[in-house]
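**Q** here is a sequence together with a model predicted from it:
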There are 2 protein chains.
Amino acid sequence: MASNEECFFEGVEKLLEIWFTTSDQAAGKSNGADLRKIPRNQLESLLKIVRCEIISSVRNDHVDAYVLSESSMFVSKRRFILKTCGSTTPLLCLERLLLLVEQYAGFNDVEDIFYSRKNYKRPELQVSPHSDFNQEVALLDTMFPEGAAYCLGAVNRDCWFLYTLNPLPQTPAAVLPPGVQTEADQTLEILMTDLDPEIMCIFTKEECLNAAEATKKSGIDKIIPNMMIDDYLFEPYGYSMNGVSKTGSYMTIHITPESEFSYVSFETNVPSGSYRETIGKVLDVFNPGKFTITVFANQASQARELPKELHFQSKIGDWNRREMQVCHFKNYDLTYLFYSKFPS
Amino acid sequence: MASNEECFFEGVEKLLEIWFTTSDQAAGKSNGADLRKIPRNQLESLLKIVRCEIISSVRNDHVDAYVLSESSMFVSKRRFILKTCGSTTPLLCLERLLLLVEQYAGFNDVEDIFYSRKNYKRPELQVSPHSDFNQEVALLDTMFPEGAAYCLGAVNRDCWFLYTLNPLPQTPAAVLPPGVQTEADQTLEILMTDLDPEIMCIFTKEECLNAAEATKKSGIDKIIPNMMIDDYLFEPYGYSMNGVSKTGSYMTIHITPESEFSYVSFETNVPSGSYRETIGKVLDVFNPGKFTITVFANQASQARELPKELHFQSKIGDWNRREMQVCHFKNYDLTYLFYSKFPS
């Protein structure tokens, strides 16, 4: 697939996940606080600040899932996920978001925040503060005094940035309302580059008439079965999909197919004691040259045993493990892995 | 202890450890290659580039240990360690060092390199390239195509930088000469700040007549017994010591006692399956407000089980664990921990 510098697109997403609570401890569970009470027109003006818009949505009892012009947004009772690629500016909407949440949703406190992204292919094309992780951190630090910023992987090669809360043990902020966070939570993300050009051709209007055809032809529909799928094939290239399950789990895939800057992201919170099968399916579908895997798992999650499983697995198929790091945070364990084909 | 901005001293060291080998595989083990063949006057001119000098030394069959005007240097058969504080410039001597090693010591290849340091208290007082990790990495990248740079801990708080080799698996560079690296190797480092002012007073000419008195009064002599100790008490403040054991292990301690920027580093390669006792002794002797622990352990080292031991230990005495990260490299596992007293 031909492409030139002028039509470069940054597939790498900025991923913002925020969990809300109320400082009145029992209230958050019982007073009907719910992020889905934020009106649609308010969400739309929020996304204007981010420089993207809603192009499709599906919902069930657990989650509202939006496909955006640049990636996805998921809104559930107390979890807000905004994942946006290109030169979007999600951190600029934070202040407005917190106001909307207090005004409409009934929450008054941020329980946890996870802002993360891979290193960009072309950081110089980003809009402030997003071109530099230090600038993103400086903005977040003004809002979250207990925020901590990390870089996983090799700073001078492929790496992945994270900002999260890491409060002092035994300070009030670390004592959660009873029952909160005992629900299992986990997120698996696979960020792929240098993808197979023949596979990438599927995600173009030249090869597929519509998104449904691309979803089926690529095998995306078989990665996690029984998902309600909302997919979108962009003109002339590009693909996004959200999937939601009856139990409230989600998956989301975004594809930048152009060969000079091909990029695919896969993300899900489907609970599992072993992601080996899911990872294998994703790699079969996309055949990337390089990929990072990140797994967050809290104490109640089955996925917490993942580092032990992966420790001795220095290869997955044709891919060699280049990096493995494990971080232990207040509520979550994070595993970071980087694999590449040889020769890279 | 009084101090003002004008007499600020950066206790945080830059730590450079290099293992040499020969690309002629069998030769390195048998042809008498030895870093200790580098003449003393050549080492002295090397250290001029770094902006420090030798002030004392001891040696045994395994290692030459030098106390420097700014910290320490250890030279053994194929391992070179240079640890320098203040505004020294150890990376500027690298090119000269590699020449000396080839010319005098008989090695022609770098098997592994570890360049590390904590974040400085005052980076703006450092000399280029040392004021900025990215600059240090850029210099190292010109010399080591397979170098990888990491930041452990929170980028926006206390953190620790590392540059090491992380070659592709199965590339020629990763295939080591037979027998090499099967020897157990491990390094424990504890970097302490916000130290107990009463203890810090020991390391002044006001309170102690000489280094031997400070070593004994503080309890340093009991941290690891049976070491030949070379200690030095600076005028008017400050302390350095090297210890070497008959089996070739070393320990080294450097103390900046001034209360406004107090800093103590402890480092040893003594093998152990559990560093709990050593860590406890070090904390008893110095009583820091905050400290990082780093442990490198290769596959043959008993210390490799350390992460499992530490995983469930979220407190050590009065100190709460704030960070725990584990990285798996080609030959070494690295554990990074950060603890602070509450309230910090």
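**A** Arrived safely, thanks for sending.

**Q** tell me which helix or strand residue A:97 sits in.
**A** Taking DSSP states H and E as the definition, one finds residue A:97 inside helix A:94-100.

**Q** give the buried residues for that helix.
**A** Within helix A:94-100, the residues that qualify as buried are A:94, A:97-98, A:100, counting by 16 or more other CB atoms under 10 Å in any protein chain shown. C-beta here means a position set from N, CA and C on the backbone, and glycine is covered the same way.

**Q** of those residues, which is the nearest to residue A:151?
**A** residue A:94 (20.9 Å; CB to CB).

**Q** nearest spatial neighbour of the closest one, skipping sequence neighbours?
**A** residue A:143 (6.4 Å; CB to CB, 6 or more residues apart in numbering or on different chains).

**Q** and for that neighbour, the neighbour number?
**A** Per other CB atoms under 10 Å in any protein chain shown, the neighbour tally for residue A:143 reads 13.

**Q** which ones are touching it?
**A** Counting by CB atoms under 8 Å, 6 or more residues apart in numbering or on different chains, residue A:143 makes contact with A:94-95, A:98.

**Q** so who does residue A:193 touch?
**A** A:121, A:158, A:262-263, A:288-291.

**Q** confidence-wise, which of those residues comes last?
**A** Among the contacts of residue A:193, residue A:158 carries the lowest pLDDT, at 94.

**Q** residue B:146 versus that one, what's the distance?
**A** 14 Å (CB to CB, to the nearest Å).

**Q** immediately after the helix or strand harbouring residue A:264, which helix or strand?
**A** Residue A:264 belongs to strand A:263-268 when assigned by DSSP H and E. Per DSSP H and E, the first helix or strand lying C-terminal to strand A:263-268 is helix A:276-286.

**Q** pull out the buried residues from that next one.
**A** Applying 16+ other CB under 10 Å to helix A:276-286 flags A:278-279, A:281-283, A:285-286 as buried.

**Q** can you give me the helices for chain A?
**A** A:27-30, A:40-50, A:94-100, A:133-143, A:197-200, A:211-218, A:276-286, A:306-311 (DSSP state H).

**Q** average pLDDT for the first one, rounded please.
**A** Per-region confidence: helix A:27-30 scores 50 on mean pLDDT.

**Q** what's the answer for the last one, then?
**A** Across helix A:306-311, the average pLDDT comes to 78.

**Q** contacts (any at all) between chain B and that helix?
**A** Yes: Helix A:306-311 reaches chain B (CB under 8 Å from any CB of the partner chain) through A:307, A:311.

**Q** which of the contacts of residue A:193 has the most neighbours?
**A** residue A:291 (26 neighbours).

**Q** and it, what is it in contact with?
**A** A:190-193, A:283, A:319, A:338-340.

**Q** again, only using 10 Å
**A** A:158, A:190-195, A:264-266, A:279, A:282-283, A:316, A:319, A:337-341 (CB atoms under 10 Å, 6 or more residues apart in numbering or on different chains).

**Q** what subset of those residues is buried?
**A** In the contacts of residue A:291, the ones that pass as buried (16+ other CB under 10 Å) are A:158, A:190-195, A:264-266, A:279, A:282-283, A:316, A:319, A:337-340.

**Q** please, where are all the strands along the stretch 201-344 of chain A?
**A** Applying DSSP state E, counting those that start in this stretch to the stretch 201-344 of chain A gives strands spanning A:228-233, A:239-244, A:250-256, A:263-268, A:288-298, A:315-316, A:319-328, A:332-341.

**Q** which parts of the stretch 51-200 of chain A sit against chain B?
**A** Proximity of the stretch 51-200 of chain A to chain B, by CB under 10 Å from any CB of the partner chain, involves residues A:133-134, A:137-138, A:140-141, A:147-159, A:161-164, A:166-171.

**Q** ok, 6 Å please
**A** Residues of the stretch 51-200 of chain A lying close to chain B (CB under 6 Å from any CB of the partner chain) are A:137, A:148-149, A:151, A:154-156, A:169.

**Q** among those residues, which two are most distant?
**A** A:156 and A:169 (33.1 Å).

**Q** residue A:138 is in contact with residue A:147, correct?
**A** No: at 10.5 Å, residue A:147 and residue A:138 do not qualify as touching, with contact defined as CB atoms under 6 Å.

**Q** who has more neighbours, the two?
**A** Neighbours per residue (other CB under 10 Å) separate residue A:147 from residue A:138, with residue A:147 holding more: 20 against 13.

**Q** contacts only, for that one.
**A** Residues in contact with residue A:147 (CB atoms under 6 Å, 6 or more residues apart in numbering or on different chains) are A:140-141, A:163, A:165.
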